[in-house]
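[1] sequence below, structure please.
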Amino acid sequence: MNFSAFLPKLKTKDSSKGAKSAQNKKESVNTELLGVDLFCHLTYMAAVSTSKLPRHIVFEYAAKLPYISSRYIRDVTFLAHQLNYDYPEACRMIGQRAKEPEVRALLLRMSNSFASGEDEGEFLAREASVAGEIYSEQYQHSVESLKKWTDAYAALILSAALIVVICVVSMLIFPMDKNTIAVLTWFMLVAIMAGGWIMYRASPKETKTHSLEIKSPEQEIGTKLFKVMVPLAGIVGLVCLIAGAPLGVTMLLLAVLLLPPGLALFIDDRKIDKRDAEIGGFLRSVGSISKAIGATIAETLDRLDYNALHSLKNLAQKLKASLSFGITPQLCWQRFVGETGSETIHRSVRTFYDGVELGGDPEVIGTECADLAMKVSLLREKRKAVASSFSYLCIVMHTAIVALLVGIYQVVLKFSEALQTAGESGAMEGLTGLPVFQLIHDASQLSQLKLMTTALIIVLTLVNPAAIKFVEGGHNYKYLFYLSITLAISGLCLLAVPSMVSNVFGFISLIK
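    The predicted structure is shown next:
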């Protein structure tokens, strides 16, 4: 979105042409994001309607918002402006054609309200409240479902490790066909990747970081590091593969390279949570004080006490200083929103700014924008409670399973070497017919077991951080932060566990 066009000039002809082209173009609707977009859209229209402007102006501004639901507002505006339909009839026609039930019901109610002469400000405020409650219920339902899927994912990962143990025990008891081992390996890998996909589908979908040109300092740093570190990590990984470096060393090097961009966005994500929690109180205070003293927003910011703010304090003071220097208000608010990095702040501030600039009631608008931001923030806190416990569980589980897999393979390897040494000396000549001796002499089975273990470790290292990121949400670069953690854990296990197993076998030999 072009945030510099915060309050664009009305151009009915150009807007109608855009609506016509959008109407002719097939647009896909992401129903998973439609709920929050409807909530934000109705809140915006309710805020602008407090200015008592004509209906066509309210629809003009609403049609320019970059929301999924804007396509329907553009269609209504096109019918009203170009085909001379009245708004009740235009809403009815577009509503009957809408495939989404919530959109259809909203437009039909809007048609009945406009036809009856009901005050559109009251209607839009009521519909915004209803849309917020519906979105809240849907989001909480997704979070409750997510709790059960996180438990299922943990059980799935543990079952994969259990299959490896059963496979190893079976190989020691009786010879196993190589095709059977290959099938089991593919089954485990597909099951783990399917678990990651299920976590993606079960997680609530939302946009947490904005896509403006001006970004927060952490986002700027993370983007610059990403452009440098990710290609460098690819080169290092390729060089290590060609040179035949140990897998543990390669993983540790990749973890070091991928950590900086991921850490920057992880820190930014935590700051966004705090800023989203404070923006509601900030806008509510600005709106109520502006209404009480009858001053402009710039004058209100000069009288505001910033001690109640924490994460937003420096940004709000910078906004006040910029406005006091006479800089264009659009640019000042653009900078303020951009440096927060939050899409919720972007939407709520845009609604507040446009509503007040168009002559709306600042107190009512501030309250509506604050309710929007507060509802989204509280819902994210519920999701965060589930995600934080799952992230800790997933990391601990990853450590235990990788250490177990490496340990099992090393135990089998050391045990086979010990039996091979005893068999060469003739000490166990009568037991050479056992399957375990066939495992020793058939090096391909040991190599296949190593391949299965390595493949499982690599897939777990890649899928577990993706599952954590899907559950938490936020910027996509957060995946690099958790990937660096799992890479470091896997690399340390591959380097440390073999020596620990060797020490245990050496200690047992020493005791004998």
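[2] could you list the domains of this structure?
    For the chain, automatic domain parsing gives the domain ranges 12-118, 153-197+215-273+383-511, 274-376.
[3] can you give me the helices in the stretch 351-500 of the chain?
    Across the stretch 351-500 of the chain, reading from the start of the chain, the helices by DSSP state H, counting those that start in this stretch fall at 362-424, 435-441, 443-472, 478-511.
[4] closest to residue 131 out of the ones you listed?
    Put simply, out of the helices of the stretch 351-500 of the chain the one that sits nearest residue 131 is helix 362-424, at 10.2 Å, with distance taken as CB to CB. Bear in mind the C-beta positions are built from the backbone N, C-alpha and C, glycine included.
[5] that closest one packs against which elements?
    For helix 362-424, the helices and strands in contact under the criterion 3 or more CB pairs under 8 Å, 6 or more residues apart in numbering; DSSP states H and E are helix 31-49, helix 120-173, helix 247-293, helix 343-357, helix 435-441, helix 443-472, helix 478-511.
[6] which of the ones you listed has the lowest mean pLDDT?
    When the helices and strands packed on helix 362-424 are compared on average pLDDT, helix 435-441 comes out lowest at a mean of 56.
[7] circling back to that earlier point, to residue 141, which of the domains of the chain lies closest?
    When the domains of the chain are ranked by proximity to residue 141 (CB to CB), domain 12-118 comes first, at 11.1 Å.
[8] which residue packs closest to residue 292, ignoring adjacent ones?
    Distances taken as CB to CB, 6 or more residues apart in numbering place residue 363 nearest to residue 292, at 7.8 Å, with adjacent residues excluded.
[9] surely that neighbour and residue 286 touch.
    No. With contact taken as CB atoms under 8 Å, residue 363 and residue 286 are classed as non-touching, separated by 9.7 Å.
[10] so residue 333 is in which element?
    When secondary structure is defined using DSSP states H and E, the element that contains residue 333 is helix 329-340.
[11] any idea how far the nearest residue to residue 469 once chain neighbours are set aside lies from residue 342?
    By the measure of CB to CB, 6+ apart, the closest residue to residue 469 outside its immediate chain neighbours is residue 479, 4.5 Å from it. Plainly put, residue 479 is 20 Å away from residue 342 if you go by CB to CB, to the nearest Å.
[12] the more surrounded of these two?
    residue 342 (28 against 20; other CB atoms under 10 Å).
[13] thinking again about what came up before, can you pull the contacts of the residue nearest to residue 292?
    287-288, 290-292 (CB atoms under 8 Å, 6 or more residues apart in numbering).
[14] gap between it and residue 306?
    Summarising the geometry, the distance separating residue 363 from residue 306, computed by CB to CB, is 20 Å.
[15] report the contact partners of residue 266.
    For residue 266, the residues meeting the contact criterion (CB under 8 Å, 6+ apart) are 478, 481.
[16] same question, residue 115
    Applying CB under 8 Å, 6+ apart to residue 115 gives the contacts residue 88.
[17] just the pLDDT at it, thanks.
    Looking at residue 115, its pLDDT reads 91.
[18] what's the helix or strand for it?
    When elements are assigned from DSSP H and E, residue 115 belongs to helix 101-116.
[19] mind listing what's buried in stretch 386-395?
    Within stretch 386-395, the residues that qualify as buried by neighbour count (16 or more other CB atoms under 10 Å) are 386-387, 390-391, 394-395.
[20] with pLDDT and distance to residue 216 as added columns, please give those residues in CSV.
    Below are the buried residues of stretch 386-395 laid out as CSV (pLDDT from 0 to 100; distance: CB to CB, whole Å):
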residue, pLDDT, distance to residue 216
386, 92, 25
387, 92, 21
390, 93, 26
391, 93, 22
394, 93, 27
395, 94, 26
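[21] most widely separated two among those residues?
    The span of the buried residues of stretch 386-395, defined through CB to CB, is set by 386 and 395 at 15.4 Å.
[22] so residue 352 sits against residue 283, correct?
    Yes. Between residue 352 and residue 283 there is a contact under CB under 8 Å: 5.3 Å.
[23] now do the shared contacts for the two.
    What both residue 352 and residue 283 touch, as defined by CB under 8 Å, 6+ apart, is the set 366, 369.
[24] how about residue 477: what's its closest non-neighbour residue?
    Nearest to residue 477 is residue 265, by CB to CB, 6+ apart, at 4.1 Å.
[25] count of residues packed around that neighbour?
    Burial measure for residue 265: 28 neighbouring residues, criterion other CB under 10 Å.
[26] next up, the contacts around it.
    With CB under 8 Å, 6+ apart as the criterion, the residues that contact residue 265 are 218-219, 222, 474-475, 477-478, 480-481.
[27] can you do 10 Å?
    Neighbour list for residue 265: 209, 216, 218-219, 221-223, 225-226, 272, 341, 474-481 [criterion: CB atoms under 10 Å, 6 or more residues apart in numbering].
[28] which of the residues you listed are buried? Put it as a PyMOL command.
    Written as a PyMOL command, the selection of buried residues from the contacts of residue 265, which uses 16+ other CB under 10 Å, is:
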select buried, resi 209+216+218+219+221+222+225+226+272+341+474+475+477+478+479+480+481
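[29] okay then, goodbye and thanks.
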